[in-house]
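>>> can you look at this prediction? I've put the sequence above it.
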Amino acid sequence: MNNFIRLIKNEQMKMYSQVSTWVMLIVIALFVIGMGVFFKVEGILSEDSAQSGENWEEQLQAENEQMQSEIEEEPGFASMNEDTIAMNQYRLENDIPPDSYDVWDFVQENRGNISIISLITIIVAASIIANEYRWGTIKLLLIRPISRTTILASKYASVLVYAITMLLFLYVLSFLTGSVLFGVASPGEPYLFMKEGEVTEAPIFTHTASQYLLSSVNLLMMATFAFMISTVFRNSALAIGVAIFLMMSGNTIVSFFADKEWAKYILFANTDLNQFFTGSPVISDLTLGFSVTVLLAYLLIFLGLAWGFFTKRDVTNV
Amino acid sequence: MAETIMELKGLKKSIKNKPIIKGLDFTIRSGEVFGFLGPNGAGKTTTIRMMVGLMRMTEGDVIIKGHSIKSNYKEAIKHVGAIVENPEMYPFMSGRKNLVHYSRMMPGITKERIDDVVRLVGLEKRQKDKVSKYSLGMRQRLGIAQALLHNPSVLILDEPTNGLDPSGIREIRAYIRKLAAEEDVAVIVSSHILSEMELMCDRIGIIKNGELISIQSVHDAIEETDEKEILIEAEPLREAEAIIKKKTEGIVTVRGEEVMFTATREELPDIINHLVAGNINIYGVTITRSTLEDKFLDLIGDGAIE
């Protein structure tokens, strides 16, 4: 185990000795801070902020009445408005005033940047083995008293460590930026969402943290996929290309085959685990257990292929 | 006492049913420098890759200190330090960090050991610089440092003098001789340049088209040949030529300030005595040892690769 940690230390040392790793961190930082400053300056949030005030109860009641009348005039609005009405009702009953835009809203907003981290992690995962071949260092790496399986495992673990570092960086940075620009708020602040037609409440910290983790499922799968492709073909450009293409087109692929019996076995039908916690699944017969099983199966296939090629193949010049 | 460190047993490799290495058998003992000589494409690098487990062997085995590289890889590779082809390092890290990197992959390498190795190859002053700023010679030295970190019993260097300038080649040669003599390390050096191998090695194995066609000790190779090409710088040149012509049967030619002829080692003192007796001033005697090279070329043929 000690040995394994030394290998991961090696991989991290190599990553952070490269300029590109730091450039990627700076890109994320620019996105987060830039977005915060933009929101603040443009005042996009003023409308939201107006909601809060002394007389929030009256406002909510007024809003509900207006929505109710909309439904009566135009039944098409029903599904959209009913959720809002239910949530407002819940606030009134439990005495939870709607909060103004604060740090937690900003942290939630930054969840979108996970797709940037996905891109970066795909690049790292696709390069971590292919680069050793490109640099020729693979030969010196593999003539040590360490099995190829262990080397491969340490490389994969290092990709995960990198992804987690990036996610933490994003979370902490958006929290700090949000706190400075939009004011600090308690991590216990309640967050309301609809689950199976019921209004549900959760502490905002738990909610955002779990949302970040669930949004990373896609990241994990695509990074593992890129890792596999680059290990099999020893070509990082190919791996990055295919992985990013699939990541972008995943949802399209699912909806294209949605009416097929086997659609639920498509990787991308299962990558959004958020749907089981804070909403309703798109394909109705999907369950959390089923999705997790499918994801694990894909993961094992990817890693198995990478392992098979990496451990069995002769090391020659690319 | 010299013990057998590495043993190749009927080593064969076929790629896509085409035999590349057609059965190699030889042993390498501690404290000896073994030269692995052959034209490009003869299978030197493939053999070295199999020795260190980078390539699978189709048949046969490599035994290092009693452990099979095939069935007991970790134990066998522990005793091996190697550079396979070019000494490729991580260019974006310092030489020192590169060594730290490899030291983490092997048990029991202390900071002091890294210092020692850096000193041995003379990189103390440049160890904090990035490898991308190193010259090829410095990279080669760093490669050797990397291979020596764990005090290996056998050091495998694939074309260690490739791309080095003459002073760099001399340095490397001195390191290799020193390691073999002082640390009792078995050193395997591959090259396609014979003259280099003659100066560095105790024994040379000549490989051609995946077959070992000859193993000979460098010392033997020079002793067993009789006729040597001799150059004598003398004055007056014409008279010297006439005297030499009387004493030898071969062709005697005049080239520049020198007389060139062939003679055996035994004949030489007599010829010189006659020259001196004939009042010829001798400024220099040069014996060219081109015989091993001739032999090598004979063995290799036209250097054709099948």
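Now that the structure is in, tell me what you want to look at.
>>> and residue 115, what does it touch?
Just so you know, I chose chain A. Going by C-beta atoms under 8 Å, 6 or more residues apart in numbering or on different chains, A:Ser115 touches A:Met247. Backbone N, C-alpha and C define where each C-beta goes, glycine included.
>>> tell me, what residue is most central in chain B?
Nearest residue to the geometric centre of chain B (C-alpha atoms, centre = their mean): B:Met197, 3.6 Å.
>>> pull the helix or strand with minimum mean pLDDT from chain B.
Every helix and strand of chain B was ranked by mean pLDDT, DSSP states H and E. The lowest is helix B:218-224, at a mean of 59.
>>> look at whatever residue of the stretch 51-200 of chain B ends up closest to chain A and give its secondary structure.
Proximity of the stretch 51-200 of chain B to chain A (C-beta to the nearest C-beta) peaks at B:Glu88, 3.4 Å away. Under DSSP: H, G, I helix; E, B strand; the rest coil, B:Glu88 falls in the coil class.
>>> how about the nearest residue to it, chain neighbours excluded?
Residue nearest to B:Glu88 in three dimensions, not counting chain neighbours: A:Gly136, with 3.4 Å by C-beta to C-beta, 6 or more residues apart in numbering or on different chains.
>>> tell me the pLDDT of the residue of chain A found nearest chain B.
Nearest to chain B, among the residues of chain A, is A:Gly136, at 3.4 Å (C-beta to the nearest C-beta). As predicted, A:Gly136 sits at a pLDDT of 91.
>>> touching, it and B:Ile83? I think so.
No. Using C-beta atoms under 8 Å, A:Gly136 is not in contact with B:Ile83, being 10.7 Å away.
>>> up against chain B, what does the stretch 101-250 of chain A have?
Contact residues (C-beta under 8 Å from any C-beta of the partner chain) of the stretch 101-250 of chain A with chain B: A:135-137, A:139-147.
>>> just the buried ones from those?
A:135-137, A:139-146 (16 or more other C-beta atoms under 10 Å in any protein chain shown).
>>> need these in CSV with secondary structure and distance to B:Ala263, can you?
Listed next are those as CSV, based on DSSP: H, G, I helix; E, B strand; the rest coil; distance: C-beta to C-beta, whole Å:
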residue, secondary structure, distance to B:Ala263
A:Trp135, helix, 54
A:Gly136, coil, 50
A:Thr137, coil, 53
A:Lys139, helix, 49
A:Leu140, helix, 50
A:Leu141, helix, 55
A:Leu142, coil, 54
A:Ile143, coil, 49
A:Arg144, coil, 54
A:Pro145, coil, 55
A:Ile146, coil, 59
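>>> didn't A:Ile71 look like it was pressed against A:Asn81?
Yes. Counting by C-beta under 8 Å, A:Asn81 is a contact partner of A:Ile71 at 5.6 Å.
>>> tell me how many other residues surround A:Ile122.
Counted by other C-beta atoms under 10 Å in any protein chain shown, the residues lying close to A:Ile122 total 30.
>>> where's it, which helix or strand?
helix A:114-135 (DSSP states H and E).
>>> now that helix: how far from the chain's centre is it?
Put simply, helix A:114-135 sits 17 Å off its chain's centre (C-alpha atoms, centre = their mean, to the nearest Å).
>>> ok, now stretch A:13-20?
On C-alpha atoms, centre = their mean, the centre of stretch A:13-20 falls 24 Å from that of its chain.
>>> got the end-to-end distance for it?
Using C-alpha to C-alpha, to the nearest Å, the end-to-end distance of stretch A:13-20 comes to 13 Å.
>>> what comes up buried for that stretch?
A:14-15, A:17-18.
>>> which residues in chain B form helices?
For chain B, the helices defined by DSSP state H cover B:44-51, B:73-77, B:95-103, B:111-120, B:136-148, B:166-183, B:194-200, B:218-224, B:237-247, B:267-277, B:291-300.
>>> buried residues, the second one. List them.
By neighbour count on 16+ other C-beta under 10 Å, the buried set for helix B:73-77 is B:73, B:76-77.
>>> quickly find the element holding the residue lying closest to A:Thr149 once chain neighbours are set aside.
Taking C-beta to C-beta, 6+ apart, and ignoring the residues beside it in sequence, A:Thr149 has A:Thr311 as its nearest neighbour in space, at 5.8 Å. Assigned by DSSP H and E, A:Thr311 belongs to helix A:288-312.
>>> return the set of buried residues in that helix.
A:290-291, A:294-295, A:298-299, A:302-303, A:305-307, A:309-310.
>>> so can I have CSV of these showing distance to chain B and pLDDT?
Output for those, formatted as CSV (distance: C-beta to the nearest C-beta, whole Å; pLDDT from 0 to 100):
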residue, distance to chain B, pLDDT
A:Phe290, 41, 89
A:Ser291, 39, 89
A:Val294, 35, 92
A:Leu295, 33, 93
A:Tyr298, 30, 94
A:Leu299, 27, 95
A:Phe302, 24, 96
A:Leu303, 22, 96
A:Leu305, 19, 96
A:Ala306, 18, 95
A:Trp307, 16, 96
A:Phe309, 14, 94
A:Phe310, 13, 94
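>>> nearest to A:Thr206 among those residues?
A:Ser291 (21.0 Å; C-beta to C-beta).
>>> my read: the closest one touches A:Phe268, true?
No. Taking contacts as C-beta under 8 Å, A:Ser291 lies outside contact range of A:Phe268: 11.0 Å.
>>> which ones are touching residue 87?
If you meant another chain, say so; for now it's chain A. Contacts of A:Met87 (C-beta under 8 Å, 6+ apart): A:192, A:194, A:199.
>>> meant chain B, my bad for not saying
B:139-140, B:142-144, B:146.
>>> burial of A:Ser210, as a residue count?
15.
>>> kindly report the same for B:Ile144.
23.
>>> please apply the same query to B:Glu182.
Neighbours of B:Glu182 using other C-beta under 10 Å come to 9.
>>> per-residue pLDDT of it, please?
The model's pLDDT for B:Glu182 equals 86.
>>> show me the helices in chain A, by range?
A:2-16, A:19-42, A:46-51, A:56-73, A:78-94, A:103-109, A:114-135, A:138-141, A:148-182, A:204-233, A:236-256, A:267-270, A:274-278, A:288-312.
>>> tell me which residue of chain A is furthest from the middle?
Chain A, C-alpha atoms, centre = their mean, max distance from centroid: A:Glu73 (39.9 Å).
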